[in-house]
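# next one to model:
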Amino acid sequence: MRKGEEITLHIEDVAYGGLGVARVEGMVVFVEKGLPGQVVRARIVRKKSDYCTARIVDVLQPAPYEVPPRCEHFGVCGGCKWQHVDYSQQLRFKQAIVEDSLMRLGGFGDLSVESTLPSPDVFFYRNKMEFSFSDRRWLLSEEKEEKPKEFALGLHVPKRFDKIVDIDACYLQSAESNVILNLVKEFARESGQAPWSATAHTGFWRHLVVREGKHTGQRMVNLVTSEINKPLMKALAEKLRSSGVPVTGVVNNINRSVGSTAFGEEEWTVWGSPTIEEKLGEYTFRISANSFFQTNTRQAERLYDTVMDFADFAGNEIVYDLYSGTGTISIYISDKVRQVLGIEVIESAVKDARLNKEKNRVENVEFVLGDVKDEMNRVAEILTVVGRPDVLIVDPPRAGLHPKSVKRIAEIAPEKIVYVSCNPTTLARDAAEWKNRYQLKRVRPVDMFPHTYHIETVALLEKK
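Model prediction:
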C-alpha cells in the first residue's frame, strides 16, 4: 500500500477515537469515520511502518445498524461522530473499546467489562454548549443564499481552526438554548461589530456559551468578546430578557489574547446573576461562567451512583477525592462516609467547591488547593492531619495520572481505588502500574456523551 492509493476495505472493528479498523495482509488500517460492518473504497492518507490511515471515498456497503442522522449538519460539523449509528450499538462500541484498551494496553487478560450504562437522554442532554463566531463560514451546498459568507456562529469543522459551520439548531442542547443561539446570532450580525477572525486576530464577537440547570431551569448566557462594549452588551441582554426564554443572567468575558478559548482575563455581569444553580441528587451546586461541571446532568447522577456502588461504603470511611473540581463527587458521597478530603489545582474550582460545601451545609468535607502530584509527595503530612484513606477516588484529566502520583497512591495503600476515567487508554496504563498490589475487580463504561466516541469509565481496584 502506498500513500494516495485507493483500496477496498472490510471494516472489522472500532478503535478509541472513533476510527474504524480494517486489516490488509497483516497491516492495520485506521479508517476515518469508518464503522464495523461497512465495506468501503478508501484512499490511504498516511503510511507508517506498522499501520496506515485512510479516508473513505465511497461506502460500498453500509453497516446493518446505520440509521438516518437527525441533524442536517451531521458529517460536516464536529459536534457528533456517531449520530448515524443506532444508540444500542454505540453502547456496545464503547464497551468494546474499554475492554480492548484494558486487555491490549493494560494486560488485563481475564477481564469482563460490564455493559455501558446508557444516558437517560440521547438528545438534548447537554447542560452547556459553546459556539464560536467566525468571519469565514463553511459553505454548504444546501444552505440558503441569504446567509452571509463572512459571518457564522456555530461549531468548528473538524481539523479546521478557522472555519465554522453556521448552525441554527443543535440537537445536543435544549430548544430554549437554540432560541438563544439564534437571537444572539441575529443581534451580533446586525450590531455593526465584526466576528472574530482566527487568521487576522481581529473582530469583536468571539464565543457564545449557554449553560442551563436541567433540574432548576436556570439559564446563563455568556458572551466572550475581544473588548468591553457595555452599551452593546446591555442592549443584547435586554433583547434576551424580552424574548420569552427564561434567562437567569447574562455575563461578558473579555478575551484579548489571540488564543481561541471561551475564557476571559476579566468578567462582568451584564444583567441578573453571575451564576446559576444545578442539582445533583439532593445537593445544589453553584456554577459560574467558567466553572467545570459534568455536561450531562442526569447521567452525572448515575455516574456518581456507580462510584458509590463500586466503593460500597459502610459509613465510617475516610475518602480522598483527587482532582475534586468544584466538589461534586465529594459532596455527593458525603452522607455515606465519615470524612472526605478533596484536592484540586484550579483555584476558582476550589473556591466554588467550598461555597458548594457551605451551601449544602456539609461539614465532613475539606478541600485543599494544590497539584495532586505535589500533594501526594506530602504523604506523611496528609496522613497525620486527615488519616489514611480507606477509599481513594481519582477523576483525572484525559492525560491520566502523573507517574509520581501513581507511585504515591500505591504507598498510601488505600483498601480501594475508584478510578473515574475519561480516557480508557490512560486508565489502562495507570491501572497496570498497580497490578502487583491491586486487583481490577469491576469496570463499567458510562455514556456521558451520546453520538460521540468519548467514554467515561468507572473502575474498581481492591488491595490484594
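
# buried set for stretch 334-354?
Judged by neighbour count (16 or more other Cβ atoms under 10 Å), stretch 334-354 contains these buried residues: 334, 337, 339-346, 349-354. C-beta: built from backbone N, CA, C; applies to glycine.

# tell me which element the closest residue to residue 447 other than its chain neighbours is part of?
Leaving out its chain neighbours, the residue that sits closest to residue 447 by Cβ to Cβ, 6 or more residues apart in numbering is residue 119, at 4.9 Å. Assigned by DSSP states H and E, residue 119 belongs to no helix or strand.

# quick one, what contacts residue 119?
125, 296, 298-299, 447-448, 450 (Cβ atoms under 8 Å, 6 or more residues apart in numbering).

# picking up where we left off before, out of the buried residues of stretch 334-354, list just those in helices.
By the criterion of DSSP state H, membership of those in helices covers 349-354.

# just give me the least confident of the residues you listed.
Looking at those by pLDDT, the weakest one is residue 349, with 87.

# how close does that one get to residue 286?
Distance from residue 349 to residue 286, counting by Cβ to Cβ, to the nearest Å: 12 Å.

# I'd like to know how many residues surround the spatially closest residue to residue 156 that is not a sequence neighbour.
Using Cβ to Cβ, 6+ apart and skipping the chain neighbours, the partner closest in space to residue 156 is residue 78 (5.1 Å). As a burial measure, residue 78 scores 14 neighbours (other Cβ atoms under 10 Å).

# so residue 78 touches residue 163, yeah?
No - between residue 78 and residue 163 there is no contact under Cβ atoms under 8 Å: 10.3 Å.

# who touches both of these two?
In contact with both residue 78 and residue 163: 156-157, using Cβ under 8 Å, 6+ apart.

# okay, now the domains of this structure?
By the assignment in automatic domain parsing, the chain contains the domains 6-61, 92-121+296-463, 128-280.

# which stretches of the chain form helices?
Under DSSP H, the chain gives helices at 87-100, 175-189, 230-241, 297-311, 328-332, 347-359, 372-377, 379-385, 403-412, 424-433.

# helices or strands up against the first one?
Contacting helix 87-100 under the criterion 3 or more Cβ pairs under 8 Å, 6 or more residues apart in numbering; DSSP states H and E are the following elements: strand 13-15, helix 424-433, strand 438-446.

# give me the mean pLDDT for the second one.
Mean pLDDT, taken over the full extent of helix 424-433, equals 97.

# packing partners for it?
Using 3+ Cβ pairs under 8 Å, 6+ apart, helix 424-433 is in contact with helix 87-100, helix 403-412, strand 416-421, strand 438-446, strand 456-463.

# show me what contacts the spatially closest residue to residue 300 that is not a sequence neighbour?
Nearest-residue entry for residue 300: residue 294, 3.6 Å, with adjacent residues in sequence omitted and distances by Cβ to Cβ, 6+ apart. Contact partners of residue 294, counting by Cβ under 8 Å, 6+ apart, are 300, 303, 328, 448.

# residue 414 too?
Neighbours of residue 414 in contact, by Cβ under 8 Å, 6+ apart: 320, 388-392, 463.

# same check, this time on residue 323
Neighbouring residues of residue 323 by Cβ under 8 Å, 6+ apart: 343-345, 372, 394-397.

# again with residue 328
Contacts of residue 328 by Cβ under 8 Å, 6+ apart are 280, 285, 293-294, 300, 304, 356.

# between those, which is nearest residue 152?
Of all the contacts of residue 328, residue 293 has the smallest distance to residue 152: 27.2 Å, by Cβ to Cβ.

# wait, the closest one touches residue 278, no?
Yes - using Cβ under 8 Å as the test, residue 293 is close enough to residue 278 to be in contact (6.7 Å).

# anything in contact with each of these two?
With Cβ under 8 Å, 6+ apart, residue 293 and residue 278 have common neighbours 127, 285, 287.

# mind putting the ones in helices among the buried residues of stretch 334-354 into CSV with distance to residue 149?
As requested, these are arranged in CSV below (distance: Cβ to Cβ, whole Å):
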residue, distance to residue 149
349, 40
350, 45
351, 43
352, 41
353, 45
354, 48
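
# ok, the residue nearest to residue 70 when sequence neighbours are not counted - contacts?
Spatial nearest neighbour of residue 70, chain neighbours left out: residue 171 (5.5 Å); criterion: Cβ to Cβ, 6+ apart. Applying Cβ under 8 Å, 6+ apart, we find residue 171 in contact with 70-71, 123-124.

# circling back: for the helices and strands packed on helix 424-433, which one sits closest to residue 3?
Across these, closest to residue 3 is helix 87-100 (Cβ to Cβ), at 27.0 Å.

# about what we covered before: please pick the buried ones from the contacts of residue 294.
300, 303, 328, 448.

# distance of the second one from residue 153?
Noted for residue 303: a distance of 31 Å to residue 153, by Cβ to Cβ.

# please apply the same query to the last one.
In this view, residue 448 and residue 153 are 26 Å apart by Cβ to Cβ.

# and the first one, by the same measure?
Distance check for residue 300 against residue 153: by Cβ to Cβ, it reads 28 Å.

# repeat that for residue 411.
51 Å.

# looking at those two, which is more packed in?
Set residue 411 next to residue 153 and count neighbours by other Cβ under 10 Å: residue 153 wins out with 25 against 9.

# excluding its backbone neighbours, what's nearest the more buried one?
Spatial nearest neighbour of residue 153, chain neighbours left out: residue 185 (4.5 Å); criterion: Cβ to Cβ, 6+ apart.

# burial count for the one you found?
That count, for residue 185 with other Cβ under 10 Å as the rule, works out to 22.

# surely it is in contact with residue 164?
No - between residue 185 and residue 164 there is no contact under Cβ under 8 Å: 11.4 Å.

# quick check: neighbours shared by the two?
Both residue 185 and residue 164 are contacted by residue 153, under the criterion Cβ under 8 Å, 6+ apart.

# need phi/psi at the residue nearest to residue 156.
phi -90, psi 10 (degrees, to the nearest 10).

# can you pull the contacts of it?
Listed by Cβ under 8 Å, 6+ apart, the contact set of residue 78 reads 155-158.

# list the buried residues of the helix or strand of the chain with the lowest mean pLDDT.
When each helix and strand of the chain is scored by mean pLDDT, DSSP states H and E, helix 379-385 comes last, with a mean of 74. Neighbour-count burial for helix 379-385 flags residue 382 (criterion: 16+ other Cβ under 10 Å).

# contacts for that helix, please.
So helix 379-385 is in contact with 341, 375, 408, 411-412, going by Cβ under 8 Å, 6+ apart.
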